[in-house]
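[1] what's the 3D shape of this:
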Amino acid sequence: MAVNSVMLLRVSSAVDKDIDHPQFFDPSYPLKYLQAGLENYPDTTVYFLDCWIHPMKVTRMLERTEKWQPDLVVVSASSFDIDVANNFVASVKKQKNPPLIIGIGQGHYLNRDTARDFAVGYDAILLGEPEQEFFRLLEQLQNGSGPAEDWKTHYRRCYEQGQRFMVEDPDSLPFPSYSPEELRAYKSIYPVRLSKPVVWGFLIATRGCPHGCLFCSEVMRVSIGKKIRSRSAANVADEMQHLAQMGVNICSFQDDSFSTNRHFVLDLCRELIARHSSMAWMARVRIDELDNEILSQMKKAGCIMLGIGVESGNQRIIEGMHKQYHPKPWQQQCRRVFGWTRRLGIGTNAYYVIGNPTETREEIEQTIQFAQQLNSDSIQVHFYTPYPGSAAWELYKDRLAGYDSTQLFHYATPMFSLAEVSVPELVKLRSKFYRRYLFRPGFAIDHLRKHAGFYWHNPDIFWSLLGIRKIL
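    All right, here's what the predicted structure looks like:
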């Protein structure tokens with residue numbers, strides 16, 4: 001069949017609209033890669049609709065579909081909006097001459113119930129990383145090879161078997177482009193040490209993560225598998241230049257494990273230094289993969305902020321998470337890394353988790369005190385959330401029976417507690433965590449000294465962050 005038009009859609013989230021915790025929206029990376037790849041099909045019209053930044057009910061999305069009349073619709077759904085996606089797909093299939101529909105996104109990992117998913121009308125669901133497999137499917141459609149139903153049978157079998165597609169050659173992917181409207185909408189809420197209006201760009205340099213953290217789930221990751229697949233340093237630097245040409249002046253690496261491939265990180269730093277790159281950037285990294293050498297190179301290459309998962313200040317909790325792989329006490333490693341970043345002038349955002357299995361009130365108190373000692377520029381406090389697909393979900397699924405997994409969100413009020421602390425107490429402890437951190441003598445003065453210029457030029461970020469008052 002001829003595919004003359006394709007609609008790329010990320011549906012609206014049905015879960016996080018009422019969350020008080022400040023949040024930001026990043027792009028739908030698979031959809032943006034598909035959009036970029038479809039530029040190689042000049043005879044195919046592409047419609048792109050991201051309902052995370054243009055919230056729409058199913059009725060509005062249906063109106064757009066009827067107006068555009070695409071031959072093929074790719075629907076991306078997270079765990080928060082899989083039901084919205086399914087409702088949309090079921091309604092589309094009731095239209096006269098409905099399009100083919102391909103489902104992608106982490107939402108399909110939650111309950112791999114083939115009868116449920118395919119009953120609502122998906123012609124195929126691509127689990128994992130669809131960026132390359134989608135175009136193999138598209139070529140089958142365009143070339144009309146084989147009986148029309150063969151490809152559907154193939155992809156249904158893949159889905160039933162839980163096959164995850166992987167991007168094996170990330171350098172081969174085209175660079176996504178962004179409209180001015182998207183550049184305004186997709187932005188981080190981290191305060192960074194830049195005294196100018198910031199325009200955020202997002203990119204993925206490495207895929208996969210070899211670590212075995214108990215709480216980690218592909219539901220919340222941007223890549224899959226333990227195999228690390230790194231792009232070349234030159235390819236990443238080229239994309240940073242590509243983003244700069246669109247007006248981006250700070251890049252955020254969204255890798256699940258940016259610091260795991262030490263060789264790649266050092267290569268990228270050398271490449272950026274050799275190019276005299278002026279692009280500021282940030283990344284999410286692990287404590288036990290950092291040392292003074294690599295941090296020094298990152299600083300020279302333009303790194304101004306790191307998101308670091310401290311998680312807990314208690315060694316027992318860290319070991320229970322399967323977080324640590326080195327014999328040094330976790331607290332000692334954290335103090336060394338935050339000491340290095342402070343001396344180098346690299347900003348830090350520290351992530352913490354409370355409500356861990358069997359965690360006591362005293363252990364949460366220890367984490368609050370430890371956070372104050374590390375004194376990062378900003379913090380984020382999550383509730384322990386065992387998403388489906390994680391080892392924690394398998395370990396505790398008997399206790400979690402009856403809870404709707406599509407309603408889980410680590411910023412939302414928990415539906416249950418696996419800690420030795422009740423849900424109401426956990427909510428109060430998170431508020432206490434933020435109050436004691438933010439209202440420390442001298443913290444506000446030091447924070448404003450470092451970030452006043454940023455807030456002056458980016459008042460929208462300041463007001464977004466001020467939303468934290470709702471949970472204090």
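[2] and Val285, how many neighbours does it have?
    25 (other Cβ atoms under 10 Å). In this view, the C-beta of every residue, glycine as well, is placed from N, C-alpha and C.
[3] Look up the closest residue to it, ignoring the ones flanking it.
    Ser259 (3.9 Å; Cβ to Cβ, 6 or more residues apart in numbering).
[4] One more: Ile125?
    With Cβ to Cβ, 6+ apart, the residue lying closest to Ile125 is Gly103, at 4.1 Å.
[5] Which strand residues bridge the one you found?
    Note on Gly103: beta-bridge partners by DSSP bridges are Val75, Ile125.
[6] Sketch out the low-pLDDT regions of the stretch 251-400 of the chain for me.
    The model of the stretch 251-400 of the chain has pLDDT under 70 over residues 325-327.
[7] So the residue nearest to Ile125 is in contact with Leu126, correct?
    Yes. With contact defined as Cβ atoms under 8 Å, Gly103 reaches Leu126; the gap is 7.3 Å.
[8] Neighbour count: these two, which is higher?
    Gly103 (28 against 25).
[9] how about the more buried one, what does it touch?
    Going by Cβ atoms under 8 Å, 6 or more residues apart in numbering, Gly103 touches 74-75, 77, 85, 89, 117, 122, 124-126.
[10] Confirm that Lys397 sits in a strand.
    No. Counting by DSSP: H, G, I helix; E, B strand; the rest coil, Lys397 falls outside a strand, being helix.
[11] Distance-wise, check it relative to Gly389.
    According to Cβ to Cβ, to the nearest Å, Lys397 and Gly389 sit 11 Å apart.
[12] Neighbour count for the two, which is higher?
    Gly389 (21 against 13).
[13] show me the contacts for that one.
    109, 217-219.
[14] tally of neighbours for the residue lying closest to it once chain neighbours are set aside?
    Nearest residue to Gly389, sequence neighbours excluded (Cβ to Cβ, 6+ apart): Ser217, at 4.1 Å. Residues lying near Ser217 (other Cβ under 10 Å) number 21.
[15] my guess is Ser217 contacts Leu408, does it?
    No. Here Ser217 does not reach Leu408: they are 9.6 Å apart, not a contact under Cβ under 8 Å.
[16] which residues are in contact with both of the two?
    Tyr387.
[17] circling back: so what's the residue nearest to Gly389 scoring on pLDDT?
    Note on Ser217: pLDDT of 90.
[18] Any figure for the gap between it and Ala419?
    From Ser217 over to Ala419 the distance is 19 Å, taken as Cβ to Cβ.
[19] Check Thr45 too.
    Taking Cβ to Cβ, one finds Thr45 at 52 Å from Ala419.
[20] Those two: which is more packed in?
    Ala419 (24 against 15).
[21] burial of Gln324, as a residue count?
    Gln324, neighbours per other Cβ under 10 Å, totals 18.
[22] ok, it - contacts?
    Gln324 is in contact with 288, 318, 330, 333, counting by Cβ under 8 Å, 6+ apart.
[23] what about it, which SS state?
    Secondary structure, three-state DSSP: Gln324 is coil.
[24] close enough to count as contact, Ile204 and Ser257?
    No. With contact defined as Cβ under 8 Å, Ile204 does not count as touching Ser257 (11.1 Å).
[25] Just to be sure, Ile308 is in a strand?
    Yes. Counting by three-state DSSP, Ile308 is found in a strand.
[26] tell me which residues form a beta bridge with it?
    Val285, Ala350.
[27] now the helices for the stretch 301-450 of the chain?
    315-321, 330-344, 361-374, 391-400, 423-438, 443-457 (DSSP state H, counting those that start in this stretch).
[28] Now do the buried residues in the first one.
    Right, the one you point to is helix 315-321. Of all the residues in helix 315-321, those buried under the rule 16 or more other Cβ atoms under 10 Å are 317-318, 320-321.
[29] Tabulate these (CSV), appending distance to Val427.
    Below are these laid out as CSV (distance: Cβ to Cβ, whole Å):
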residue, distance to Val427
Ile317, 19
Ile318, 23
Gly320, 22
Met321, 21
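[30] And those residues, which is closest to Gly225?
    Comparing the buried residues of helix 315-321 against Gly225 with Cβ to Cβ picks out Met321 as the nearest, at 20.2 Å.
[31] so the closest one sits right up against Ser312, yeah?
    Yes. The criterion here is Cβ under 8 Å, and Met321 meets it with Ser312 at 7.4 Å.
[32] Spit out the residues that contact those two alike.
    Residues touching both Met321 and Ser312 (Cβ under 8 Å, 6+ apart) are 353, 356.
[33] Pop out the phi and psi values for Val265.
    phi -60, psi -50 (degrees, to the nearest 10).
[34] picking that back up, which members of the contacts of Gly389 are the farthest-apart pair?
    Tyr109 and Ser217 (7.9 Å).
[35] Determine the residues that are contacts of both of the two.
    Shared contacts of Tyr109 and Ser217, defined by Cβ under 8 Å, 6+ apart, comprise 388-389.
[36] from memory Leu194 sits against Met279, does it?
    No. Using Cβ under 8 Å, Leu194 makes no contact with Met279, being 11.3 Å away.
[37] where do the contact lists of these two overlap?
    With Cβ under 8 Å, 6+ apart as the test, Leu194 and Met279 both reach 249-250.
[38] can you pull the contacts of Leu418?
    Contacts of Leu418 by Cβ under 8 Å, 6+ apart are 355-358, 384, 386, 396, 399.
[39] Throw together a ChimeraX command that grabs the buried residues out of the contacts of Gly389.
    The buried residues among the contacts of Gly389 can be selected in ChimeraX (16+ other Cβ under 10 Å) with this line:
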select :109,217,218,219
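[40] tally of neighbours for Trp456?
    Neighbours of Trp456 (other Cβ under 10 Å): 12.
[41] hang on, Ala301 packs against Arg275?
    No. With contact defined as Cβ under 8 Å, Ala301 and Arg275 do not form a contacting pair (9.6 Å).
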